[in-house]
Structure formats: C-alpha cells, structure tokens
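**Student:** Provided below are the primary sequence and the corresponding predicted coordinates.
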Amino acid sequence: MSSRTVIRGGLVITASDELHADVLVEDGRIAALAASGTPAAEAWTAERTIDATGKYVIPGGVDAHTHMELPFGGTFASDSFETGTRAAAWGGTTTIVDFAVQSVGHSLREGLDAWNAKADGKCAIDYAFHMIVSDVNQDTLKEMDLLVEEGVTSFKQFMAYPGVFYSDDGQILRAMQRSAENGGLIMMHAENGIAIDVLVEQALARGETDPRYHGEVRKALLEAEATHRAIKLAQVAGAPLYVVHVSAQQAVAELTRARDEGLNVFGETCPQYLFLSTDNLAEPDFEGAKYVCSTPLRPKEHQAALWRGLRTNDLQVVSTDHCPFCFVGQKELGRGDFSKIPNGLPGVENRMDLLHQAVVDGHISRRRWIEIACATPARMFGLYPKKGTIAPGADADVVIYDPHAEQIMSAETHHMNVDYSAYEGKRTTGRVETVLSRGELVITEREFTGRAGHGVYTPRSTCQYLL
Ligand SMILES: [Zn+2]
C-alpha cells in the first residue's frame, strides 16, 4: 500500500532554486513538485496534508561530521546515537555521517563493526560512517579498498594528537596514494600536533593551566602549516583532500591558493568558528572549558575570513564536529591542566538555525545556506541526490522551517544530552517546525514523533566533485 503526503503552499528552497511549490511525497520519496495553486498541484490527493504556508520547505540537513559516543581523554562524548540523532532531528538535520574509529593495533573492520553495533537500531534519522585511520600499515591499506566498495568512502587522518590518532607524513602519504587509486577521500585534521605538544608542555611549566591557554598553544600558524603540508602531500599522491574544521584565516588562505591552482582540495568549517571566539575560551571560573575543541576557537578577526571563504566557495561545507562533553564531571577533568579537558563542543541541534541566522545577518544567501548545510555535504560524501535536495526520486527528508519564529538557545530547552549550551542565551530568528525522514514524521509541529531505529545505515558512493 502506498502512502502519500502533500506539503502545500511553502517556499521550496534548494541549493539551486527557490520555488513556490507543493511537494508530493510517496512511499518515502519525493514524487513530484508542482507550482502551488495550479491544477496539477490541486489534483493531488494524499492521506496527509501539511500546510507550509508562510514557511520554508527545505531538504533535511546533512551533518557530515559528528562524534556520538566518541571515546576521548578517558571519557565518552555524552550523546549516544539515540540522543544525538534525536537532537539532530529537532534541529532539522536528517542525516549524519559519524566517525568509526580504528584503534592502534586493530583493524578498520573491527572499528567499523563496533560503530555499527553502537548505532544499529538506535537512530532517529539516517546515518553513515567515515573511518578514522589511526594505524596505517599494509593490512589497513588493503582494508581501505574494501571499505570504499561497501560504502565507507572517506578516511580521516590526524596530524594532531601524537600517541592517539596521529599519523606521520609517511603514513599520510601512503593513505593518500591508496585513496588516489581506490576513489576514497582523505579528511584531514590539520594541526601540527608535534609542535603543539611542545608548546603545551612549556605553557604548563609556566603555570598557564586555564582553558584559554588551549587556544594560545594551538596556534593559527600551526594549523596553516599542517594545512599546507597536507595539501602538498595530497598533490604528490595525486589525491583529493578534504580539510575538516578549518578555523584559522591563514589556513583558509592555504586552501584558497590550492584551489586557485586547480587542486581537488576542499574545506569545512563549523558554527563554533563562525559564532564563537577566544573571548569564550577566556571566560572566568573555568567556564572557558565549555569551548575547548580542536582546532581551537580563534580571535574574532578570523571570522570574516571564514564567512568570505564560504561565500567564495573556498570553504564548501559547514558541519558541526558535534562532540559533547558535560561541564560537570567531564570538562572538569581538566581543572588545573587545560590539556586534560576533553576536546569537543555540542552543536548538532544548532547548525541549521545558526546558519539561517547567518542568512538573516546577511553573511550568506538562502540558497547558499542549503548548499553548505545539505547539498554539498551530500555530494562531497556520495549521498546526493538521495540526500541533500528536494527533487523527484530523492528521499523525502524534508524540513518545514518557520523563518520568522524567534528562539533563545539554551541548555534548558535543547535536546542534546549535555548540561550546557555553547550558545546559551543567543537569540536567533527561524525555527524547525516539522521534520520528515523518508516520508515519516520525526518532528510534528515541535513535538518528537519519531523513534529510535527508524534511521538506517546508508552506504555512500565516492565524492561527487571529482571527475
Ligand atoms: Zn572531529
């Protein structure tokens, strides 16, 4: 039996168009669009009609960078796949790409199996995986080929965190050479972790233990240097490169130069770098710990370069790097030693709203909002046009968005499993009203109507920006 929903009277916004159109959903997919009020649209019948008059009808967000339940610094990110995907849905995101982790001495397969087990039957929305490669050797290189074939087509490496996730330049080059052959995409955490560890040791020896020193030792120049080095290694390997969580204007400059040379180099930034700064890291009474993440927040001056990069397409994607740790009991592990503060911020619920606020503030256009938050992440990671757009044949992952509603972000009202908000008290315009995932109502007029286990694992094809 087929089930049909029609969404009437809204402004449909995709990365390419803004249309006053009704949307017909059939059996979990977009079946058709027709101009609102026309006989073609009026003729549609459906079991369910959603009135979107005065609202936006947008594709569900694709958050290509989350870390549910990530083990880090002796603790775990506080959102499970269940709580984290529910919060994502509340915020208008209908697909996450999370990071499965290979631990040193273990296979990629073991890591992937472990993450599949964590997520299976728990998610409110669809999900996919990237693979963190912590141990490059002959076996893992072979495993990369198999993973690409089965839909895990991107691999994250770290130039930071020596002794944990760190890869040296030789390991990075080998993985890049492999990805040049198998179609995979290397995602790079670009910070010079070896140099940073020296600066950490020196800062602590001087008694500089507060959270703000986290930002001081992780220097913008060391992000730029690593970004430059990653680009050159990718160039030598003939491989594409995606740099995650770019925060420094000097790193944006490296990406801009590489793209001007015609290289397949891509960059992601995150809401925290666009809306927060070292002022937050300097908040007294250890409150700055709430904002400790890596790459770190930068002085406010860097924000203009990030916005410009998003407008000029030198940065293509905004993901959250959602990796929440509660202030009480988790961030507190680093009292008296900033290097022991678990790295990460909550944000999976806030991204679509913050980027809509950027539309209101005049930083980006409405279509660019959808492009950087839905369409491009879907294309970058091989999910388009199933995800990331509203077009016939696409999954009916649709958000009815009220562009006029006001809200105040707060830990009191958010749905992420974390005891603070990085945006506490921030007023924004625009709010998610209703969310469909493959045609099923997950949020219905600001009520959660979804369920754990509705979300399914979604294998991916390779990056769709490569020839
Ligand atoms: Zn991350």
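**Tutor:** Cool, the structure landed.
**Student:** CA only for contacts and neighbour counts going forward, please
**Tutor:** Noted.
**Student:** next up, the contacts around Thr381.
**Tutor:** Small correction: residue 381 is Phe, not Thr. Listed by C-alpha atoms under 8 Å, 6 or more residues apart in numbering, the contact partners of Phe381 are Ala64, Thr153, Ser154, Arg460, Ser461, Thr462, Cys463, Gln464.
**Student:** so which of the residues you listed belong to helices?
**Tutor:** Among the contacts of Phe381, no member is found in helices (DSSP state H).
**Student:** quick one: contacts of stretch 110-121?
**Tutor:** Stretch 110-121 is contacted from outside by 81-82, 100-103, 131, 452-457, using C-alpha under 8 Å, 6+ apart.
**Student:** show me the residue at the heart of the protein, geometrically.
**Tutor:** Residue closest to the average C-alpha location in the chain (C-alpha atoms, centre = their mean): Ser319, at 2.6 Å.
**Student:** and the helix or strand bottoming out on mean pLDDT in the chain, which strands flank it?
**Tutor:** When the helices and strands of the chain are scored by mean pLDDT, DSSP states H and E, strand 71-72 comes last with a mean of 89. Strand pairing for strand 71-72, using DSSP bridges, gives strand 75-76 (antiparallel).
**Student:** which residues sit against the helix or strand that the partner strand is followed by?
**Tutor:** Along the chain past strand 75-76, the next helix or strand (assigned with DSSP states H and E) turns out to be helix 81-90. For helix 81-90, the surrounding residues in contact (C-alpha under 8 Å, 6+ apart) are 68-69, 94, 96, 118-119, 122-125, 348-349, 414-417, 432, 435, 442-443, 446, 448, 452.
**Student:** try 7 Å
**Tutor:** Helix 81-90 has contacts (C-alpha atoms under 7 Å, 6 or more residues apart in numbering) with 68, 94, 119, 122-125, 348-349, 415-417, 435, 443, 452.
**Student:** among these, which are located in helices?
**Tutor:** Ala119.
**Student:** scan the contacts of helix 81-90 and report the most crowded one.
**Tutor:** Neighbour count (other C-alpha atoms under 10 Å) singles out Val435 as the most crowded of the contacts of helix 81-90, with 34 neighbours.
**Student:** how near is that one to Val442?
**Tutor:** Val435 is 5 Å from Val442, where distance means C-alpha to C-alpha, to the nearest Å.
**Student:** buried residues in the longest helix along the chain?
**Tutor:** Using DSSP H to define each element, the chain has its longest helix at helix 220-237. Judged by neighbour count (16 or more other C-alpha atoms under 10 Å), helix 220-237 contains these buried residues: 220, 222-231, 233-235, 237.
**Student:** how about stretch 140-147?
**Tutor:** Buried residues in stretch 140-147 (16+ other C-alpha under 10 Å): Thr140, Leu141, Met144, Asp145, Leu147.
**Student:** list the helices and strands the strand or helix carrying Gly267 packs on?
**Tutor:** Per DSSP H and E, Gly267 falls inside strand 265-269. Counting contacts by 3 or more C-alpha pairs under 7 Å, 6 or more residues apart in numbering; DSSP states H and E, strand 265-269 packs against strand 241-243, helix 249-260, strand 317-318.
**Student:** okay if I get the ones you listed as CSV plus mean pLDDT?
**Tutor:** Shown next, in CSV, are those (pLDDT from 0 to 100):
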stretch, mean pLDDT
strand 241-243, 98
helix 249-260, 98
strand 317-318, 98
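**Student:** relative to Ala160, which of the ones you listed is closest?
**Tutor:** Counting by C-alpha to C-alpha, Ala160 lies closest to strand 241-243 out of the helices and strands packed on strand 265-269; the figure is 13.0 Å.
**Student:** wait, a strand at Pro162?
**Tutor:** No. Per DSSP: H, G, I helix; E, B strand; the rest coil, Pro162 lies outside any strand segment and is coil.
**Student:** how about Leu185, nearest residue that isn't a chain neighbour?
**Tutor:** Ser154 (4.6 Å; C-alpha to C-alpha, 6 or more residues apart in numbering).
**Student:** what score does Arg48 have for pLDDT?
**Tutor:** The per-residue pLDDT reported for Arg48 equals 97.
**Student:** phi, psi for Asn5 please.
**Tutor:** Asn isn't right for residue 5; it's Thr. phi -130, psi 140 (degrees, to the nearest 10).
**Student:** from here on, count from 39
**Tutor:** Got it, the first residue is 39 from now on, which makes the last one we talked about Thr43.
**Student:** quick check: it touching Val63?
**Tutor:** Yes. In terms of C-alpha atoms under 7 Å, Thr43 counts as a neighbour of Val63; the distance is 5.0 Å.
**Student:** distance of Glu452 relative to Ile232?
**Tutor:** No, residue 452 isn't Glu; it's His. For His452, the distance to Ile232 (C-alpha to C-alpha) stands at 37 Å.
**Student:** number of residues surrounding Glu325?
**Tutor:** Neighbour number of Glu325 under other C-alpha under 10 Å is 18.
**Student:** what pLDDT does the model give it?
**Tutor:** pLDDT, Glu325: 98.
**Student:** do Ser41 as well
**Tutor:** With respect to pLDDT, Ser41 has a value of 88.
**Student:** for it, what are its contacts?
**Tutor:** With contact set as C-alpha under 7 Å, 6+ apart, Ser41 has these partners: Glu64, Asp65, Glu85.
**Student:** in space, what's closest to Gly326 - neighbours in sequence excluded?
**Tutor:** Using C-alpha to C-alpha, 6+ apart and skipping the chain neighbours, the partner closest in space to Gly326 is Leu319 (4.1 Å).
**Student:** and the one you found, how many neighbours does it have?
**Tutor:** For Leu319, using other C-alpha under 10 Å, the count is 27.
**Student:** how about Gly477?
**Tutor:** When neighbours are counted by other C-alpha under 10 Å, Gly477 registers 21.
**Student:** returning to that earlier point: looking at it, the residue nearest to Leu223 is touching Gly222, isn't it?
**Tutor:** Yes. Contact criterion C-alpha under 7 Å: Ser192 and Gly222 qualify, at 5.3 Å.
**Student:** skipping adjacent residues, who's closest to Gln140 in space?
**Tutor:** Gly149 (4.7 Å).
**Student:** from Ser205, how far out is that neighbour?
**Tutor:** 17 Å.
**Student:** more neighbours, the two?
**Tutor:** Counted by other C-alpha under 10 Å, Gly149 and Ser205 do not tie: Ser205 has more neighbours, with 22 against 19.
**Student:** isn't that one up against Tyr199?
**Tutor:** No. Here Ser205 does not reach Tyr199: they are 8.9 Å apart, not a contact under C-alpha under 7 Å.
**Student:** circling back: what's the closest of the contacts of stretch 148-159 to Gly98?
**Tutor:** Among the contacts of stretch 148-159, Gly493 lies closest to Gly98 (C-alpha to C-alpha), at 13.2 Å.
**Student:** tell me how far stretch 385-397 lies from the chain's centre.
**Tutor:** When distances are taken as C-alpha atoms, centre = their mean, to the nearest Å, stretch 385-397 is centred 12 Å away from the chain's centroid.
**Student:** can you give the contact residues for it?
**Tutor:** Contacting residues not belonging to stretch 385-397 are listed as 99, 125-126, 128-130, 309, 358, 360, 402-404, 407, 466-469 [C-alpha under 7 Å, 6+ apart].
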